[in-house]
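> Build me a model from this:
(one chain, ligands or ions: 2)
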Amino acid sequence: MTAESAPGRDSSTGVRWLFGDQLGPHFLDATDQRVLLIESRKVFARRRFHRQKAHLVQSAMRHRAAELGDRCDYRKADTYGEVLHELSPGTPLSVCHPTSFAARDLVMRSPGVRLLPARGFATSMAEFAEWATSRGSRRLLMEDHYRLARRRFDVMMDGDEPVGGQWNFDHDNRLPPPKPGRDKNPVTGIGVPPPWWPDEDEIDAEVRRDLDQWERDGDVSFIGVDGPRRFPASRGEARSAFTHFVAHRLNAFGPYEDAMLAGDPWLAHSLLSSSLNLGLLDPLELVRDVEKAYLEDDLPIASVEGFIRQLIGWRDYIWNLYWHLGPDYRERNLLHADLDVPAWFAELDADAVGANCLSSILADVRDHAWVHHIPRLMVLGNYAMQRGWRPSQVTDWFHRAFIDGYDWVMVPNVVGMSQYADGGGITTKPYAGGGAYIDRMSDYCKPCRYRPSVRVGEPACPFTAGYWWFLDRHRADFAGNHRMAQPLRGLDRLADLPALVEQEQTRGSSAP
Ligand SMILES: Cc1cc2nc3c(=O)[nH]c(=O)nc-3n(C[C@H](O)[C@H](O)[C@H](O)COP(=O)(O)OP(=O)(O)OC[C@H]3O[C@@H](n4cnc5c(N)ncnc54)[C@H](O)[C@@H]3O)c2cc1C
Ligand code: SF4
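Ligands and ions are numbered 1, 2, ... in the order given. Predicted structure coming up:
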């Protein structure tokens, strides 16, 4: 760093300290603003992340530094504190609100750093807090937050009414995948072209060399396998991925949002979560573009509305809940699930698993650090909850194994949504399900060694039996929940329950 380029010598806007998930232009206030980026090796030394996630984060930071050129002071250090300590006193440093409690506390402990409001989300913390207060003791329903956001940002609105006459097209969006031989496209199975993929460049080669070296030095170790970078590392790449998605795949996003296919993890999903969470894209920018495409290109409203709901509905809701629920929420464990996550799951050892759905999905995570929402919720999360694995460990695993995992997004999605560890604060009932759901929404069951309808015996599906075992263990917890009354009545009718319980106690957390 030269004296001329040193932070603190420039401009009324001062130096912007960017965290590695604040990489888009909307985190800066001027086109000539100086930037401080800190690459910390310790972050990867402390926990075992997926190799491809470590690669993407480093590649994206270095791509941003290359774009900024002389304006960027790029430091490699063990810790953030080390670098802040080295900066010349009086450096006018500001930072946009970080995305975790730990990072926010670090900023607040750092003298002279100005903390700015969060960017990269549509609904602000203040707007959400005002809404939450207005609800009193009523549940903070995602749907209500979403409708308010549609009105607030005037998205897909016709005056005060939603375009198309309804807020929600969910009932059109739950199609199972097409049956083999019917509507079958050799490439994806649902008749859309494959996703847009980036080309790796010299920066990726350098990142790969560094990660290999760190591993050889014994400083870090990873889970998952290395592979071609699948997810955007620069804003240009992220925009290309988004444009391709809108032009070629968004039309099928809605109907097949919940479907799962062995051999095609991508289906018609956007694969934009990592780009949004790295700050390469801004959600409102995407929403405006999708709305424009709806008007100009005659895209199906169920897909357009479904995608917009994910962005300014679900994503903002989860972000704001993270802050609203506070730092202790991550430790919730109201179902007293206290078993350790087993090694075969933690290590993504798909080959150790005979259950076809779980094995295929673990292999997808191992190979790509990504699967879509339903495998996360109804296969991986569902299995962890049924078996009674500790929610904080499950959260940590998702955070490390997924390309888009960050503290803010994992804690509410896993602790609340997927593990029901808050006893129903976010969802009205646990997302537990048996093999019948997986069979309906996928093609996993036909070639599986288990049968989704069988509860007891050699071919008993571990999800079906696990579901009833879970309900049996938590009868008392769910007794007052009217949405669980019907499943509990079903449980009472199971003549083979004692045999099922014995079988599942034996199976426990071993690989099914
Ligand atoms: C157990 C569990 C863990 C999850 N962990 C993460 C995570 O670490 N990071 C993450 O970004 N998403 C997470 N999600 C939400 C969702 O599964 C992913 O955002 C989505 O699968 C990413 O793929 P996509 O970009 O193709 O999304 P699409 O299906 O194309 O959806 C579009 C966008 O909507 C946003 N979105 C939708 N739902 C959510 C949600 N519940 N929370 C946050 N954003 C949402 C994402 O930004 C996503 O890119 C999790 C969901 C579950 C059930
Ligand atoms: S039968 Fe059960 S274990 Fe096998 S694929 Fe279907 S749901 Fe999964």
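> Now stretch 62-76: buried residues?
By neighbour count on 16 or more other CB atoms under 10 Å, the buried set for stretch 62-76 is 62-65, 68, 71-75. C-beta here means a position set from N, CA and C on the backbone, and glycine is covered the same way.
> With stretch 118-133 instead?
Neighbour-count burial for stretch 118-133 [16+ other CB under 10 Å]: 118, 120-124, 127-128, 131.
> How about stretch 459-473?
Buried, per 16+ other CB under 10 Å, within stretch 459-473: 460-473.
> from the residues you listed, which two are the most distant?
Farthest-apart pair in the buried residues of stretch 459-473 is Cys461 and Arg473; separation 18.0 Å (CB to CB).
> which among the buried residues of stretch 62-76 gets closest to ligand 2?
His63 (39.2 Å; CB to the nearest ligand atom).
> count of neighbours near Asn356?
19 (other CB atoms under 10 Å).
> circling back: of the buried residues of stretch 62-76, which belong to strands?
Among those, DSSP state E puts 72-75 in strands.
> can you tell if the host helix or strand of Leu362 touches ligand 1?
Here Leu362, judged by DSSP states H and E, is contained in helix 356-368. No - against ligand 1, helix 356-368 shows no contacts by CB under 6 Å from any ligand atom, the least distance being 11.1 Å.
> Please apply the same query to stretch 405-421.
Yes - under the criterion of CB under 6 Å from any ligand atom, ligand 1 is reached by stretch 405-421 at 405, 409-410, 413-414, 417-418.
> need these in a markdown table with neighbour count, can you?
Output for the residues of stretch 405-421 next to ligand 1, formatted as a markdown table (neighbours: other CB atoms under 10 Å):
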| residue | neighbour count |
| --- | --- |
| Gly405 | 24 |
| Val409 | 21 |
| Met410 | 24 |
| Asn413 | 23 |
| Val414 | 27 |
| Met417 | 22 |
| Ser418 | 26 |
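> Pipe the residues you listed into JSON lines and attach distance to Ile361 and secondary structure per row.
Converted to JSON lines, the residues of stretch 405-421 next to ligand 1 look like this (distance: CB to CB, whole Å; DSSP: H, G, I helix; E, B strand; the rest coil):
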{"residue": "Gly405", "distance to Ile361": "16", "secondary structure": "coil"}
{"residue": "Val409", "distance to Ile361": "19", "secondary structure": "helix"}
{"residue": "Met410", "distance to Ile361": "17", "secondary structure": "helix"}
{"residue": "Asn413", "distance to Ile361": "16", "secondary structure": "helix"}
{"residue": "Val414", "distance to Ile361": "16", "secondary structure": "helix"}
{"residue": "Met417", "distance to Ile361": "17", "secondary structure": "helix"}
{"residue": "Ser418", "distance to Ile361": "14", "secondary structure": "helix"}
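> biggest separation within the residues you listed, which pair?
Using CB to CB, the two most remote members of the residues of stretch 405-421 next to ligand 1 are Gly405 and Met417, lying 14.0 Å apart.
> Flag every residue of this structure that's near ligand 2.
When proximity is defined as CB under 6 Å from any ligand atom, the chain approaches ligand 2 at 355-357, 435, 438-439, 444-445, 448, 450-452, 461-463.
> Apply 8 Å and report the result again.
355-358, 379, 434-435, 438-439, 442, 444-445, 448-452, 461-464, 512 (CB under 8 Å from any ligand atom).
> In helices, which of those residues appear?
Counting by DSSP state H, the members of the residues of the chain next to ligand 2 that fall within helices are 356-358, 435, 438-439, 462-464.
> I'd like those residues as JSON lines, with pLDDT appended.
What follows is those, written out as JSON lines (pLDDT from 0 to 100):
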{"residue": "Asn356", "pLDDT": "98"}
{"residue": "Cys357", "pLDDT": "98"}
{"residue": "Leu358", "pLDDT": "98"}
{"residue": "Gly435", "pLDDT": "97"}
{"residue": "Ile438", "pLDDT": "97"}
{"residue": "Asp439", "pLDDT": "96"}
{"residue": "Pro462", "pLDDT": "98"}
{"residue": "Phe463", "pLDDT": "98"}
{"residue": "Thr464", "pLDDT": "98"}
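> Same list, those residues, but as a markdown table with distance to Glu504 please.
Converted to a markdown table, these look like this (distance: CB to CB, whole Å):
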| residue | distance to Glu504 |
| --- | --- |
| Asn356 | 19 |
| Cys357 | 17 |
| Leu358 | 15 |
| Gly435 | 13 |
| Ile438 | 17 |
| Asp439 | 19 |
| Pro462 | 8 |
| Phe463 | 11 |
| Thr464 | 10 |
